[in-house]
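Engineer: Here is my input, please return the structure:
(one chain, ligands or ions: 1)
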Amino acid sequence: MLDTLISIGDRLKEIREAKGFHLQEVADKTAINYTSLSRIETGKRLPTKPQVQTLASFYKYSEQELIKQLISDKIIYEIQEEEIGMEAFLLAEQRIKYGRTLFDDYDNIEKYELQSRRYIGNKAKLTDWIMEVIQEETTEFGTFIDVFSGTGIVAQKAMSLYKEVVVNDFLHSNNVIYHAFFDKKDWDKSGLIEIANNYNELNADKIDENYFSKNFGGKFYEKNISKIIGYIRNDIESKRNELNHKEYSILLASLIYTIDRLANTVGHFDAYIKKTIQKRPLNFRLIQTNDFKEVKIFQEDANKLAKTLKGDIAYIDPPYNSRQYSRFYHIYENLIKWEKPELFGVALKPEPENMSKYCTVKAKDAFQKLVNDLDVKYLAVSYNNTYKSKSKSSANKIKYEELIEVLESVGEIKVFEQSHKFFNTGKTDFNDHKEFLFLTKKYN
Ligand SMILES: C[S@@+](CC[C@H](N)C(=O)[O-])C[C@H]1O[C@@H](n2cnc3c(N)ncnc32)[C@H](O)[C@@H]1O
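Structural biologist: Down below sits the predicted model:
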């Protein structure tokens, strides 16, 4: 039987030892750094929720059990030093019992964090490692440019270290997400909570078929869910004039995060799963905005933008294989633009837009121009060794040796590597999957 009275740190240590892992091995494979892990296990600090999730998945241990333990540790931590701590705890218990929760207060409602979304090639698990290397190897912390921001997770991490951060991605859906999370405008929290609450009251039986449900219902989304999604999207558009740009973006980004986990896919929209779709409720939640002040947001082709910016470091994480992000995430692109275009093929994609040179034979050439043009002191380039893969679509367009050759033409380079668990659809053997970070000090 499990000893439920031990702390989260003790529990994590117990699981690790039972599985026969050394702390260093866990640090390498989860990208949570060694010191943090050691402090967590010895009870010197609490893990964060994402760290607990990462460890649960790494140890193949119940995430729910560990989160439960984490929350109870947090409660104990909060009340143990207070004389009336236990009384406060009992009062909270009573309030919850009688439904007096803090639901209409933005600080206390459950929200989506920037990393709570599925996105191919996101660096959520590697961000700490990437930023640690950058911090150790570089000296200036003025402007950080994330040239291909994707989810924005690396840029967000940079916000705690740099004076100014530039985010850029040519996808419409990513751009709206950056405005929602990072724009420094004021916004009406209670107004948006009320709108979200109304969305959660919607009844699909009372909603007419719409563009979204007609095209994607029963395919990418369950029929009723797709009616609600189309309805909400139309409603956000009808409110556009009453909302400022931040509020409009928050509602759209919240819609993407809400439906991300309801999609009948393996994580992108190149295809849907051809099985009956499980019915689940649509629980519309707002996103957790970020208060960092100096963010510049762009939606440009990376090579065009590179000619116009000046900074201390550029972080470069382009696509490296033939898979186009604008095609993978066509449903979000369509939902955000909301021009209701004609759709083609089994995956119901619109006409192509934002096709990246980095996914073609022109990749090396584009990369060379990019690093030539970027007016920065350092370049930090992410890369992984999937080019050895058997599947053609996941074969890298720029080979490791080519990347080194290009980077050496503009500066002095250092290579860092990290092993990393990689998700794939089965065709490719990624057992020796390695993640690289090339840090280049540019010649003046
Ligand atoms: C590998 S992902 C970046 C992942 C990101 N580092 C993260 O952690 O989420 C590459 C991103 O580059 C964007 N992209 C591809 N080609 C681009 C281009 N030419 N200009 C701007 N963005 C581009 C894609 O839309 C995609 O989001």
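Engineer: By proximity to the ligand, which residue of this structure wins?
Structural biologist: Proximity of the chain to the ligand (C-beta to the nearest ligand atom) peaks at residue 150, 2.6 Å away. All C-beta spots, glycine's among them, are computed from the backbone N, C-alpha and C.
Engineer: where does the stretch 201-350 of the chain dip in pLDDT?
Structural biologist: Within the stretch 201-350 of the chain, the set of residues satisfying pLDDT under 70 is empty.
Engineer: Show me which residues of it sit near the ligand.
Structural biologist: 301, 302, 317, 318, 319, 325 (C-beta under 6 Å from any ligand atom).
Engineer: Try it again at 8 Å.
Structural biologist: 300-305, 315, 317-320, 324-326, 329 (C-beta under 8 Å from any ligand atom).
Engineer: In helices only, show me the residues you listed.
Structural biologist: Using DSSP state H, the subset of those located in helices is 302, 303, 304, 305, 325, 326.
Engineer: Identify the spatial nearest neighbour of the second one, chain neighbours not counted.
Structural biologist: What it means is residue 303. Excluding its sequence neighbours, the residue lying closest to residue 303 (C-beta to C-beta, 6 or more residues apart in numbering) is residue 370, at 5.4 Å.
Engineer: Wait, a strand at that neighbour?
Structural biologist: No. Per DSSP: H, G, I helix; E, B strand; the rest coil, residue 370 lies outside any strand segment and is helix.
Engineer: And for it, the neighbour number?
Structural biologist: When neighbours are defined as other C-beta atoms under 10 Å, residue 370 has 24 of them.
Engineer: May I ask you to confirm that residue 370 is in contact with residue 304?
Structural biologist: No. Assessed by C-beta atoms under 8 Å, residue 370 is found out of contact with residue 304, at 10.1 Å.
Engineer: still on that earlier bit, what does the model give the residue nearest to residue 303 for pLDDT?
Structural biologist: For residue 370, the pLDDT comes out at 98.
Engineer: Residue 112 versus the residue lying closest to residue 317 once chain neighbours are set aside, what's the distance?
Structural biologist: Spatial nearest neighbour of residue 317, excluding adjacent residues (C-beta to C-beta, 6+ apart): residue 382 at 4.2 Å. Applying C-beta to C-beta, to the nearest Å, the value for residue 382 to residue 112 is 24 Å.
Engineer: and if you look at residue 93?
Structural biologist: Here the criterion is C-beta to C-beta. By it, residue 93 lies 27 Å from residue 112.
Engineer: which of these two has more neighbours?
Structural biologist: Higher neighbour count among residue 93 and residue 112: residue 112, with 19 against 10, using other C-beta under 10 Å.
Engineer: check contacts around residue 14.
Structural biologist: Applying C-beta atoms under 8 Å, 6 or more residues apart in numbering, we find residue 14 in contact with residue 6.
Engineer: Give me the three-state assignment for it.
Structural biologist: helix.
Engineer: Excluding sequence neighbours, find me the nearest residue to the most centrally placed residue in the chain.
Structural biologist: Compute the mean C-alpha point of the chain, and by C-alpha atoms, centre = their mean the closest residue is residue 115, 3.2 Å away. Leaving aside its sequence neighbours, residue 115 sits nearest to residue 124 (C-beta to C-beta, 6+ apart; 4.5 Å).
Engineer: and that neighbour, how many residues sit next to it?
Structural biologist: 20.
Engineer: Count the neighbours of residue 67 for me.
Structural biologist: Residue 67 sits with 15 neighbouring residues when counted by other C-beta under 10 Å.
Engineer: Identify the residue spatially nearest to it, adjacent ones excluded.
Structural biologist: Using C-beta to C-beta, 6+ apart, the nearest residue to residue 67 is residue 52, at 5.9 Å.
Engineer: so which strand or helix has that neighbour?
Structural biologist: Assessed by DSSP states H and E, residue 52 sits inside helix 49-59.
Engineer: Extract the CA atoms of that helix and return them as PDB.
Structural biologist: C-alpha atoms of helix 49-59 as PDB (Å, rounded to 0.1, in the frame of the first residue of the first chain):
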ATOM      1  CA  LYS A  49       3.000  21.500 -12.100                       C
ATOM      2  CA  PRO A  50       4.700  21.100 -15.600                       C
ATOM      3  CA  GLN A  51       7.700  19.400 -13.900                       C
ATOM      4  CA  VAL A  52       5.400  17.000 -12.200                       C
ATOM      5  CA  GLN A  53       3.700  16.200 -15.500                       C
ATOM      6  CA  THR A  54       7.000  15.600 -17.200                       C
ATOM      7  CA  LEU A  55       8.200  13.300 -14.400                       C
ATOM      8  CA  ALA A  56       4.900  11.400 -14.300                       C
ATOM      9  CA  SER A  57       5.100  10.800 -18.000                       C
ATOM     10  CA  PHE A  58       8.800   9.900 -17.800                       C
ATOM     11  CA  TYR A  59       8.300   7.400 -14.900                       C
END
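Engineer: Give the other helices and strands that it contacts.
Structural biologist: helix 8-19, helix 23-30, helix 63-80 (3 or more C-beta pairs under 8 Å, 6 or more residues apart in numbering; DSSP states H and E).
Engineer: Let me have those in a markdown table, adding mean pLDDT as columns.
Structural biologist: Formatted as a markdown table, the helices and strands packed on helix 49-59 follow (pLDDT from 0 to 100):
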| stretch | mean pLDDT |
| --- | --- |
| helix 8-19 | 94 |
| helix 23-30 | 92 |
| helix 63-80 | 87 |
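Engineer: would you turn those into TSV with distance to the ligand?
Structural biologist: Listed next are the helices and strands packed on helix 49-59 as TSV, based on distance: least, C-beta to the nearest ligand atom, whole Å:
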stretch	distance to the ligand
helix 8-19	26
helix 23-30	16
helix 63-80	22
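Engineer: Quick check: which of these is nearest to residue 171?
Structural biologist: helix 23-30 (28.4 Å; C-beta to C-beta).
Engineer: what comes up buried for the closest one?
Structural biologist: 26, 27, 28, 29, 30 (16 or more other C-beta atoms under 10 Å).
Engineer: Over to stretch 330-344?
Structural biologist: 330, 331, 332, 333, 334, 335, 336, 338, 343.
Engineer: ok, now stretch 239-250?
Structural biologist: Judged by neighbour count using 16+ other C-beta under 10 Å, the buried positions of stretch 239-250 are 243, 246, 247, 248, 249, 250.
Engineer: for stretch 120-138, same thing?
Structural biologist: For stretch 120-138, burial by neighbour count (16+ other C-beta under 10 Å) applies to 121-131, 133-134, 138.
Engineer: Cool, thanks, signing off.
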